[in-house]
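> Starting from these lines, generate the structure:
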Amino acid sequence: MTSTNLLGLDGQIALVTGSSSGIGKATAIELARAGADVVINYHGSAEKGDAAVAEVEALGRRAIAIAADVSSESDVVAMFDEAENELGPLDIVVSNAGIQKDAAIAEMSLDDWNAVIAVNLTGSFLVGREAIRRFRAKGLRETVSPALGKLVFDSSVHQVIPWAFRVNYAASKGGLDLLMRSIAQEVSTEKIRVNSVAPGAIATAINAEEREDDKEAMLKLIPYGRIGEPADVGRTVAWLVSDAADYITGQTLFVDGGMTLHPGFRGNG
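Now for the predicted structure:
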C-alpha cells in the first residue's frame, strides 16, 4: 500500500453518473468527503447539477457538472473527454444512473422496456467500457493507489429478488450483475477493480410516494428495521474504492438492512 490512510482518496478523481440527486449525489459527496475531486453527471436539471457541485466544493474539493445521456455512446465518450480535460485522468468511475418505468407485464410497452434496458444496462456497459479504456490510457499511479482504476456499478437487491410489475427494471439489474462479474474476470489481471453495490429500500424521490403510503409494509421487508439513507450507499462506495478494499473485485455488496435475507421466510415462511 502507498498510504497510511487506507480510507483516503486524496489526489484521486472520480466520475459519478446520475449524481445530481439521490444515491448518486450522496455518493459524490462521500467520495469528496474522503478526498476525491468529483465529476457530477446529470441528465435533465442543470440547476441540480450545479447544486451538487456546490456541495462538493464546500468540502474543499474540485467539482464540475457535465450533462450526458448514459444510453448514448457519443454522450458517454464526450463526458469522459470533458471530465479529463477539466480535472485530469480518472481513477474512480461509479455507474449509478438508472430509471424505472413500471407496468404489469401484459400492459408494459416495448418503449418502456427498451428505455429501462437502454439506461440501466446498456448505459452501464457504455460507462464501464469507457472507464476501462481510460484507466488503461492513464496508467498506474502507485503513489495514488495500488489499483489502475476502480469501477463500481449501482445495482439493486432486485438483481436477485424478482420484482413483479417491474420486469424491465429487474431484468436490467440481473443483467448488470453478470456484466460486472464478467468485466471483473476480464480485467482484474490489470489491477482494475470492478464491483457493485446493491441498495435495498433507500429514501429517495423515486419511492417517496410508496414510503408515505405504506411505510409499515416496507419495513416488514427490512430486518434491520429502518429504511436506508442515500449516504448509507455513498459511504459503502467510498470504502469500496479505497485502498482498504484493495483485495476486493468482482463482488456485490448489498446495502439493504437484510432485505435479501427474505424475512418473510423466517419460521419457515
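> same for the host helix or strand of Val38, what does it pack against?
Secondary structure from DSSP states H and E places Val38 in strand 37-42. Helices and strands touching strand 37-42, by 3 or more CB pairs under 8 Å, 6 or more residues apart in numbering; DSSP states H and E, are strand 13-16, helix 22-33, helix 46-57, strand 63-67, helix 73-87. Where C-beta positions appear, they are placed from N, C-alpha and C, glycine not excepted.
> Contacts for the second one next, please.
What that stands for is helix 22-33. By CB atoms under 8 Å, 6 or more residues apart in numbering, the surrounding residues in contact with helix 22-33 are 9, 14, 16-19, 38, 40-41, 52, 55-56, 59, 61, 63, 92, 94, 96-97, 154, 199, 202, 204-206, 229-231, 233-235, 237-238, 241.
> leaving aside the residues next to it on the chain, what's closest to Thr27?
Excluding its sequence neighbours, the residue lying closest to Thr27 (CB to CB, 6 or more residues apart in numbering) is Gly234, at 4.2 Å.
> where does the one you found fall, helix, sheet strand or coil?
Per DSSP: H, G, I helix; E, B strand; the rest coil, the secondary structure class of Gly234 is helix.
> Which pLDDT value goes with it?
The per-residue pLDDT reported for Gly234 equals 98.
> show me the contacts for it.
With CB under 8 Å, 6+ apart, Gly234 has these contacts: 23, 26-31.
> Just the C-alphas of the helix or strand encompassing Tyr169, formatted as PDB.
According to DSSP H and E, Tyr169 maps onto helix 167-187. Output of helix 167-187 as PDB, limited to C-alpha atoms (Å, rounded to 0.1, in the frame of the first residue of the first chain):
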ATOM      1  CA  VAL A 167     -39.800  -6.900 -15.000                       C
ATOM      2  CA  ASN A 168     -37.800  -4.400 -17.100                       C
ATOM      3  CA  TYR A 169     -36.000  -3.000 -14.100                       C
ATOM      4  CA  ALA A 170     -35.300  -6.400 -12.500                       C
ATOM      5  CA  ALA A 171     -34.000  -7.800 -15.800                       C
ATOM      6  CA  SER A 172     -31.700  -4.800 -16.200                       C
ATOM      7  CA  LYS A 173     -30.200  -5.300 -12.700                       C
ATOM      8  CA  GLY A 174     -29.900  -9.100 -13.200                       C
ATOM      9  CA  GLY A 175     -28.000  -8.400 -16.400                       C
ATOM     10  CA  LEU A 176     -25.900  -5.800 -14.600                       C
ATOM     11  CA  ASP A 177     -24.700  -8.500 -12.100                       C
ATOM     12  CA  LEU A 178     -23.200 -10.600 -14.800                       C
ATOM     13  CA  LEU A 179     -21.900  -7.600 -16.700                       C
ATOM     14  CA  MET A 180     -20.000  -6.500 -13.600                       C
ATOM     15  CA  ARG A 181     -18.600 -10.000 -12.800                       C
ATOM     16  CA  SER A 182     -17.600 -10.700 -16.400                       C
ATOM     17  CA  ILE A 183     -15.800  -7.400 -16.700                       C
ATOM     18  CA  ALA A 184     -14.000  -8.100 -13.400                       C
ATOM     19  CA  GLN A 185     -13.000 -11.500 -14.600                       C
ATOM     20  CA  GLU A 186     -11.600  -9.900 -17.800                       C
ATOM     21  CA  VAL A 187      -9.600  -7.000 -16.400                       C
END
